[in-house]
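1. Predicted coordinates and the sequence they were generated for:
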Amino acid sequence: MDLSTLLGTLTNPYLWQQMLQALKETLIMVSVSLVLAELGGLPLGIMLVVTAPGHLRPHPVLHHFLGTLVNVGRSLPFIILMVAIIPLTRLLVGTSIGTWAAVVPLTVAAIPFVARLVETSLLEVDRGVVEAAEAMGASLWQIITRVLLPEALPSLVAGATITAISLVGYSAMAGAIGGGGLGDLAIRYGYQRFQVEVMIVTVVILVILVQVVQVVGDFVARRVDHR
Amino acid sequence: MLVGAWLQGELFRDGREGDRLERAVREANSPPAAEPLVVVEHLTKRFRQGGREIAALSDVSFEVYPGEIFGVMGLSGAGKSTLIRCINLLERPDEGRVVVAGQEMTRLSGPALMQARRRIGMIFQHFALLSSRTVAGNVAFPLEIAGVSRPVIAARVAELLDLVGLGDRAQAYPSQLSGGQKQRVGIARALASEPVLLLSDEATSALDPETTVSVLQLLKEINQKMGLTILMITHEMQVIRQICHRVAVIDQGRLVEVGPVAQVFSRPSSEVARRLLREQLQEDVPPYILERARKPGQRLLRLGFLGQVAQEPVVAELMRQFPVVVNVLFGRIEELGGVPWGRLVVEISGDPGQVVAACEYLRRRGVEVEEIEGASPPGETPGQGGEEPLREPVASPPGKGGVA
Ligand SMILES: Nc1ncnc2c1ncn2[C@@H]1O[C@H](COP(=O)(O)OP(=O)(O)OP(=O)(O)O)[C@@H](O)[C@H]1O
Ligand SMILES: [Mg+2]
């Protein structure tokens, strides 16, 4: 690869059009699956915490069941999960190929991940504060929504940042089932067509994307932290 | 040494102390006429820990009357926290009953228990404030969960923050406050739902001595102005001494003593109470004075003047009647359950027989007399040998003595 080829590639408007499209697809996959995974993972994480021994509503059977479910979900390799849930994806999206189809396995893979992160965050909340709320006559729902979640917010934001960054990585794999995105672009051009420049540019964009997510996540976490 | 003058001039400027003492004693001997606000009956709580069972509370019974500040003291692990947590059922007792304001807490569960808890405020050793909320937000919390409307909450929060002297810190976060300020927020929050009872679990134990005094002062004011009944647990004698009316002592889960502060402090009947008291006194008396007691031939006495006896020039009369010399080394005046309490550490010298007689005289006059043994080597009697020891664990015979 010499300088002129690199310059030639970098000034190729068609490539940039492709890049932009891929970036858009990546952003869709990551943001949509992040939101869905939080929606699924938060309640699961909350249930894991309040059913734990000695917590607000100890329930060993349910706690154990949920814990096992989460562990199974987390131990499946993403690539296998992706293939295994194709029927579900078809059912939900109508097709098993494309950006939106990739959202399904990404979400399913991220839910148990989020659940564990949420569990860890909520367990960090000072038990004394939870107890004070109980002593004041707060209901379980009030304790969850007005004590546990607000008190854990900085940590929950940090967890969501980690999830988003992991999803950027996984979304590249989702490219393999036609999900598109930056990872897919890098593989198609860089690996299959030996256009290493394209791969380098994509990787640079991915690095920048991850950086941005981290910086924004850190900023928000700091803003909501009054500890 | 003009001990009598000192006693009269410094200790008892107020001639009405005698009335107050009499009142305290009357209250002590006859239970208050009112219905108790808190009734604890045969309370037992066991914890299983690693196959072993610990009886945190065994058959504890007592009552707290409306308007009083009731203290519970005991050594670490005695079961104080467990006891107070059983009152609002943060801990469910295994046996026994807890009644608060006519409502049997131990029968309640679910929403009824939540409702009942809203009538009981609680403050904590580590404040337990929500770090995610401002000072105002924290005080608003109990009102929010009780479904009070926003305008009412805002007005009430402002009023409460003024009461605890934090009107200007409403928008601060707890992390920006000092320990004493945090506890004031805790107190404001506990008062928000207009409770009939305030529970305090070591509320001043994380504070420095000065802040402790100001927080206790605030609690005392609240008790006096609003007539709020306070049940507080602590391992600090001085907390009890400063604001409590009555005190219970628990030891290894058992209630070993209960009575007016003046009585328990001046005539402790349980070993734990004596031990706690001794530790406190030890802290009060400067070490160099205790050092003196080590020297052979020195007899150091700790004298306690509670209430009426404190108004009489007892020491001066003693020196007139007995050929002994009394040298005051240390003196301190405090209030004990609303009664003046003077304490002296004196060195007494003279003919051994006369010294013993002098001590007898002091006891007859209702003065607590205890010999400070310093750290004399074991087996060696302090002072001249062969005489009966001056020390007497439980001071006066019942029905007689200082408070009579
Ligand atoms: N949740 C629990 N599980 C097991 N044992 C407990 C539990 N809570 C208290 N205990 C035990 O019960 C006993 C009384 O504890 P408690 O906390 O009431 O003591 P305390 O008087 O408040 O002590 P401290 O002054 O140190 O706070 C202790 O032996 C303690 O180990
Ligand atoms: Mg305790």
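-> Good, I have the coordinates. Ligands and ions are numbered 1, 2, ... in the order given.
2. so what's residue 100 up against?
-> Using chain A here. By C-beta atoms under 8 Å, 6 or more residues apart in numbering or on different chains, residue A:100 lies in contact with A:28, A:93. (Glycine included, C-beta is placed from N, CA and C.)
3. looking at chain B here, not the other one
-> Going by C-beta under 8 Å, 6+ apart, the list of residues near residue B:100 reads B:37, B:38, B:87, B:88, B:116, B:119, B:120, B:196, B:197.
4. same check, this time on residue B:330
-> Contacts of residue B:330 (C-beta under 8 Å, 6+ apart): B:285, B:286, B:289, B:344, B:345.
5. The first one - how many residues pack around it?
-> Neighbourhood size, residue B:285 [other C-beta atoms under 10 Å in any protein chain shown]: 18.
6. So it is in contact with residue B:345, correct?
-> Yes. Residue B:285 is within contact range of residue B:345, at 5.8 Å (criterion: C-beta atoms under 8 Å).
7. Now list whatever residues contact both of those two.
-> B:302, B:330, B:372.
8. ok, which residues in chain B are in contact with chain A?
-> B:88, B:90, B:111, B:113-118, B:120, B:122, B:124, B:126, B:128-133, B:141-142, B:144-146, B:173-175, B:189, B:193, B:199 (C-beta under 8 Å from any C-beta of the partner chain).
9. Recalculate using a threshold of 6 Å.
-> B:88, B:90, B:114, B:117-118, B:122, B:126, B:128, B:130-132, B:142, B:145, B:173, B:175 (C-beta under 6 Å from any C-beta of the partner chain).
10. Buried only: go through the residues you listed for me.
-> Among the residues of chain B next to chain A, those scoring as buried are B:88, B:90, B:114, B:117-118, B:122, B:126, B:128, B:130-132, B:142, B:145, B:173 (criterion: 16 or more other C-beta atoms under 10 Å in any protein chain shown).
11. Tabulate these (JSON lines), appending distance to residue B:71 and secondary structure.
-> Shown next, in JSON lines, are these (distance: C-beta to C-beta, whole Å; DSSP: H, G, I helix; E, B strand; the rest coil):
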{"residue": "B:88", "distance to residue B:71": "18", "secondary structure": "coil"}
{"residue": "B:90", "distance to residue B:71": "20", "secondary structure": "coil"}
{"residue": "B:114", "distance to residue B:71": "28", "secondary structure": "helix"}
{"residue": "B:117", "distance to residue B:71": "22", "secondary structure": "helix"}
{"residue": "B:118", "distance to residue B:71": "24", "secondary structure": "coil"}
{"residue": "B:122", "distance to residue B:71": "16", "secondary structure": "strand"}
{"residue": "B:126", "distance to residue B:71": "20", "secondary structure": "coil"}
{"residue": "B:128", "distance to residue B:71": "21", "secondary structure": "coil"}
{"residue": "B:130", "distance to residue B:71": "28", "secondary structure": "coil"}
{"residue": "B:131", "distance to residue B:71": "30", "secondary structure": "coil"}
{"residue": "B:132", "distance to residue B:71": "33", "secondary structure": "coil"}
{"residue": "B:142", "distance to residue B:71": "25", "secondary structure": "helix"}
{"residue": "B:145", "distance to residue B:71": "29", "secondary structure": "helix"}
{"residue": "B:173", "distance to residue B:71": "32", "secondary structure": "coil"}
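12. so what's residue B:124 up against?
-> residue B:201 (C-beta atoms under 6 Å, 6 or more residues apart in numbering or on different chains).
13. Could you pull up phi and psi at it?
-> phi -120, psi 160 (degrees, to the nearest 10).
14. That one and residue A:6: what is the separation?
-> 65 Å (C-beta to C-beta, to the nearest Å).
15. quick one: low-confidence ranges for the chain?
-> Picked chain A for this. A:1, A:176-177 (pLDDT under 70).
16. I was after chain B.
-> For chain B (pLDDT under 70), the answer is B:1-33, B:281-284, B:293-294, B:296-297, B:337-338, B:374-404.
17. Break down it into its helices, ranges please.
-> Remark: helices assigned in chain B by DSSP state H are B:3-6, B:17-29, B:80-87, B:110-117, B:135-145, B:150-163, B:179-192, B:209-226, B:237-243, B:261-266, B:271-284, B:287-292, B:314-321, B:352-364.
18. Export those helices as JSON lines, with columns for distance to ligand 1.
-> Output for the helices of chain B, formatted as JSON lines (distance: least, C-beta to the nearest ligand atom, whole Å):
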{"stretch": "helix B:3-6", "distance to ligand 1": "38"}
{"stretch": "helix B:17-29", "distance to ligand 1": "25"}
{"stretch": "helix B:80-87", "distance to ligand 1": "3"}
{"stretch": "helix B:110-117", "distance to ligand 1": "19"}
{"stretch": "helix B:135-145", "distance to ligand 1": "24"}
{"stretch": "helix B:150-163", "distance to ligand 1": "28"}
{"stretch": "helix B:179-192", "distance to ligand 1": "17"}
{"stretch": "helix B:209-226", "distance to ligand 1": "16"}
{"stretch": "helix B:237-243", "distance to ligand 1": "12"}
{"stretch": "helix B:261-266", "distance to ligand 1": "17"}
{"stretch": "helix B:271-284", "distance to ligand 1": "11"}
{"stretch": "helix B:287-292", "distance to ligand 1": "26"}
{"stretch": "helix B:314-321", "distance to ligand 1": "38"}
{"stretch": "helix B:352-364", "distance to ligand 1": "34"}
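19. Tell me which residue is most central in chain A.
-> residue A:163 (3.6 Å; C-alpha atoms, centre = their mean).
20. Please name the residues that touch it.
-> Neighbours of residue A:163 in contact, by C-beta under 6 Å, 6+ apart: A:110, A:114.
21. which one of the helices of chain B lies closest to residue A:155?
-> The closest approach between residue A:155 and any of the helices of chain B, judged by C-beta to C-beta, belongs to helix B:135-145 at 19.3 Å.
22. Please identify which pair of the contacts of residue B:330 lies farthest apart.
-> Among those, B:286 and B:344 lie farthest apart (C-beta to C-beta), at 13.3 Å.
23. Please identify which of these two sits among more neighbours.
-> Shown here are residue B:286 and residue B:344; by other C-beta under 10 Å, residue B:344 has more neighbours (22 against 10).
24. wait, doesn't the more buried one sit right on residue B:331?
-> Yes. With contact defined as C-beta atoms under 6 Å, residue B:344 reaches residue B:331; the gap is 4.9 Å.
25. longest helix in chain A, by residue count?
-> helix A:13-50.
26. what's that helix packed up against?
-> helix A:99-123, helix A:149-174, helix A:182-185 (3 or more C-beta pairs under 6 Å, 6 or more residues apart in numbering or on different chains; DSSP states H and E).
27. run the last query once more with 10 Å
-> helix A:3-10, helix A:60-75, helix A:99-123, helix A:149-174, helix A:182-185, helix A:196-223 (3 or more C-beta pairs under 10 Å, 6 or more residues apart in numbering or on different chains; DSSP states H and E).
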